[in-house]
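Engineer: Need coordinates for the below:
(chains A and B, ligands or ions: 2)
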Amino acid sequence: MKKTITLAQGNGGAENHALIKEVFWRHFGNEILDRGEDAAILETLQRPAFTTDSFTVTPLFFPGGDIGKLSVCGTCNDLAMMGGKPRYLSLSVVIEEGLEMRSLEKIVRSVKKELALNGAIIVSGDTKVVPKGSVDGLFITTSGIGERQCEGIGINEIRQGDAIVVSRDIGRHGAAIFAAREGMELQSALKSDCASLWPHVASLLDAGIMPHALRDATRGGLAAVLNEWADANNLCIEIEEEEIPVSDEVRGICELLGFEPAFLANEGTFVMALDPADVPLVLEILEAFPGGEMAMRIGEVKGDYPGKVVLNSPWGTRRFLDWPTGELLPRIC
Amino acid sequence: MRLELKNLYDDFRDPDTIKALAKLIYNEAKGLQKPVNIMEVCGGHTHTIMKYGLKQLLPESIRFIHGPGCPVCIMPKERIDHATILARQPDVILVTLGDMIKVPGSRGSLQQARSEGADVRFVYSPLDALKIAKENPDKTVIFFAIGFETTTPMTAALIDRAEKLGVKNLLYHINHVTVPEVMRELIDSRDEHIDSYNNRIDAFIGPSHVSVIAGAKIYKEFPKRYGRPVVVSGFEPVDVMEGVWMLVRQFVQNRCALEIQYRRSVTMEGNLTAQKQIEKIFEKRGLFKWRGLGNIPHSALKLREAYAHLDAERVYADILPVEEIEDHKLCICGDILRGMAEPTECQVFGTACTPSKPLGSCMVSSEGACAAYYKYGDLLK
Ligand code: SF4
Ligand code: SF4
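Structural biologist: Ligands and ions are numbered 1, 2, ... in the order given. Down below sits the predicted model:
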C-alpha cells in the first residue's frame, strides 16, 4: 500500500513530530533550524529585504517544476528583484490528508535543491494537516529575508529614455500549467520557465550593471509589470510587438485558447528598465542562462500617453496593451 | 487534445501582406462615390479590428460599424438569472463555456454564484459536461448552452451522445441564437426617434466560423432582397483586410453579391452532417430576447418536443422567472449593437463601466465592442 499523509500526522503530537523530523529536518537541517527553538535567531543583516508569498498551484507537479521549486523561486526572486541576495526562508505547509508520502518527499527535495541555487536556508517552518477537500493537495507559504547588494533599484527609478528588456521568452509558466490542467498533449515539450533569478541578478551586478528597476513577470505576466511601471511613474512605455520573444509552443496554446502571451504568468522571467547603453552587455550576460538567448530589448520609456503601455505593430498600427483583468477564460468559439 | 504547432497563423498576420492590402484598399477606395459603412456582425471581427489597429490602416471613406455578434453580449439578464438560479439549486452542477460566467444578470453573475458556494464549472468543450455528469451520478448537471451556429453542433453532439449512453442526470438550458435573423432585424427595424437604421449599414462582413457550419448560403437574402453585399471572412487581420477590399471592389464595380473570402473552409453549403444533426434536435423558437435589441422572431433555438424532458427550462419551470428586466438606464448597449453608436459615446464608458465592473454586457465579454475599445484604445482618432 502507498504511504499517505493522515490527519494524525498534524496533531502536534508524536506522529507530527516524526513527520517533521523525518521529512523536513532531514533535508533542511542547518545550524539555526537544528536548535529547534520557537523562533530563529538571525545574524544582523546590512540592508535587509523581507517578502512573503503563498503557493497554490494545480497540478502540484508540472513540466519544468513543482510547487516546492516554485515556492522557493517565487520568494527568492522577489528578493532578487530588489537586488537582494536571498538568505533566510521560512516554510509553512498545509497538507491535505491523503497526499502521498512520496509526493511530499519529492517536493521537499526540490525545495532543498532550489535553496542551494540561491544560497539560502530554511530557518523556521510549520506543518499542518487538514481534512480531505480543505486544500488542493498542498499549499506552501514561504517568507524570505535577503540582503540588498546595492541601493537604487526600484519602480521610482524608472525614467524617460530607459530601455525595457525581458530576460527570456514569455508566457511559459502560464501556458504549461494550462496545458497540464487541460490534458493537452504537446508535440514539443513545453516547460515552465520556473527558475531562480538571483544568479542572473548577481551576474549583472558583478558586471557593474545598475538596472533602474527589475520585476519578475509572475501573475498578470508582462502586461501587468509594464502597466504597473507606467502607472506608478505616469510615463508611457512603448513596446514593439515584433520584439517580444514568444516560443512557438506558447503561441500555439494562446491561439487555441484565445489568450495573449503577455498576460500569461512567468516564474523565471524578469523585466528590466535600464540605461540603453547597458543593453548590449546585459543581453550578453543573460545569454549564459537557460532561455537567455531569447532575451530581448522590447521597447523604451516615453512620455506620449502618460500611464499607458503602447504596443506598436509591425504593420504600423498602435494600440494599448491593457492590464489583464479577471480570471483568464477561454473564448467561446 | 493534440496540438499541431505548424504556425497556422503566421501568414495571416504577415506585416507585408497587411500593408499591401491596406494599399490596395486605399487605391480602390478612391473610386467610391460615397463613404461605406461596413458592419462586422461578429464580435470576433470587432476584436481583430481593434487588436490589430486595422481602422488606422483604412481611408476615411471606410467605416466599421460594430454589430451584435456575440452570444455573450446579447444574453439578456433574464437568461443569466435563469443560470444563476439553476446553479443555486441543491445538488445541481451548472456547466457553461468561457466568458459566460462573468456576465452580470439582475442577481449577479455565475462567478458570484460560484463564490457563494454554487457549483459552477466552465468547460472548453460541451462534451466535458458529459464527463462531469458521469462523475457525479447523484447530482443533476445542467449545461447552459450558448453560442451561434458555430457552437450549436457541439451541443447537439453532446445531447446525442448522452442519449445514446443513457445518461440520465444531464439537462440543458438552450440559448443558441442564429445570425441571419438578427441581421434582418437590424435592417428592417425602425425606431420612431431615429430616422431609420436602414441607412447606416451599407454592407456586412460575415463571420467565417458560423458559415463553416451553416454555409455562406444563409446570407443570400442580403444582397438579393436588401441590396447589402456580404463577404464571409476569417478572423485574422489579413482575412479581415481582404474581406474589406472585396467589399470595396463590389461598390466600385457597382456589384452587390455574396462572396466568400475565407475559402480555406467555408463553402456555400456548409457542413451538411452538422446541419442535419442540429435539425434533428433543435427547432426555432417563436421569439427570443436579445439584450439591447429586444424580441426577435425565430432568432434562437430550443429543444424539439422529443427532447422536452431534457429541457431545464421546462423541468425547472416553477422557479424560473419569465418577467422581462430592463437594462441599466445609462447603458447604450442596444444602440451599439445596432450600429447606431460607438462605445465612446456612452456616458459611463470607462468611468462607471469598465471590464472589471461592467454595467452592460458589451463591456463584459472580452469581445464586446465596449471592452475592445476600452482595452485597446483607439490611438489615431
Ligand atoms: S464568442 Fe467571440 S467569436 Fe464567438 S460569436 Fe461571440 S464574438 Fe464571435
Ligand atoms: S460602456 Fe458599459 S454601460 Fe456603456 S454601452 Fe458599453 S457596456 Fe453599456
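Engineer: Can you confirm whether the helix or strand of chain B with the lowest mean pLDDT lies near ligand 2?
Structural biologist: One helix or strand of chain B scores below all others by mean pLDDT, DSSP states H and E: helix B:333-337, with a mean of 83. Yes. Taking Cβ under 6 Å from any ligand atom as the criterion, helix B:333-337 and ligand 2 are in contact, through B:333, B:336. For the C-beta atoms, the positions are set from N, CA and C on the backbone; glycine is no exception.
Engineer: which residues touch that helix?
Structural biologist: Contacts with helix B:333-337, where a contact means Cβ atoms under 8 Å, 6 or more residues apart in numbering or on different chains, come from B:66-68, B:73-74, B:290-294, B:327, B:341-343, B:346, B:360-362, B:369-370.
Engineer: Buried only: go through these for me.
Structural biologist: Buried positions within the contacts of helix B:333-337, assessed by neighbour count (16 or more other Cβ atoms under 10 Å in any protein chain shown), are B:66-68, B:73-74, B:290-293, B:327, B:341-343, B:346, B:360-362, B:369-370.
Engineer: Is there proximity between the least confident helix or strand of chain B and ligand 1?
Structural biologist: No. Legend: contact between helix B:333-337 and ligand 1 by Cβ under 6 Å from any ligand atom is lacking; minimum distance shown is 11.7 Å.
Engineer: Can I get that helix in CSV? Just the C-alpha atoms.
Structural biologist: What follows is helix B:333-337 as a C-alpha-only set of coordinates in CSV (Å, rounded to 0.1, in the frame of the first residue of the first chain):
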residue,chain,number,x,y,z
CYS,B,333,-25.5,48.7,-25.5
GLY,B,334,-28.7,48.5,-27.6
ASP,B,335,-27.6,51.3,-29.8
ILE,B,336,-24.1,50.0,-30.1
LEU,B,337,-25.3,46.5,-31.0
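Engineer: mind checking how far it is from the chain centre?
Structural biologist: In terms of Cα atoms, centre = their mean, to the nearest Å, the gap separating the centre of helix B:333-337 from the centre of its chain is 14 Å.
Engineer: Distance from the chain centre to stretch B:200-212, please.
Structural biologist: Taking Cα atoms, centre = their mean, the mean C-alpha location of stretch B:200-212 is offset from the chain mean by 11 Å.
Engineer: now swap in stretch A:255-273 and tell me
Structural biologist: 12 Å.
Engineer: Do it and ligand 1 come into contact?
Structural biologist: No. Applying Cβ under 6 Å from any ligand atom, one finds stretch A:255-273 out of contact with ligand 1, separated by at least 8.2 Å.
Engineer: Can you give me the end-to-end span of that stretch?
Structural biologist: Start and end residues of stretch A:255-273 are separated by 29 Å (Cα to Cα, to the nearest Å).
Engineer: Name the SS class of residue A:239, please.
Structural biologist: The local conformation at residue A:239, judged by DSSP: H, G, I helix; E, B strand; the rest coil, is strand.
Engineer: hmm, who's touching the helix or strand just after the least confident helix or strand of chain B?
Structural biologist: Reading on from helix B:333-337 to the C-terminus, the next helix or strand found by DSSP states H and E is helix B:369-376. Here helix B:369-376 makes contact (Cβ under 8 Å, 6+ apart) with A:319-320, A:322, B:43, B:46-47, B:49-51, B:53, B:66, B:73, B:333, B:336-337, B:342-344, B:346, B:349-350, B:353-355, B:358, B:360, B:362-366.
Engineer: This completes my enquiry, with thanks.
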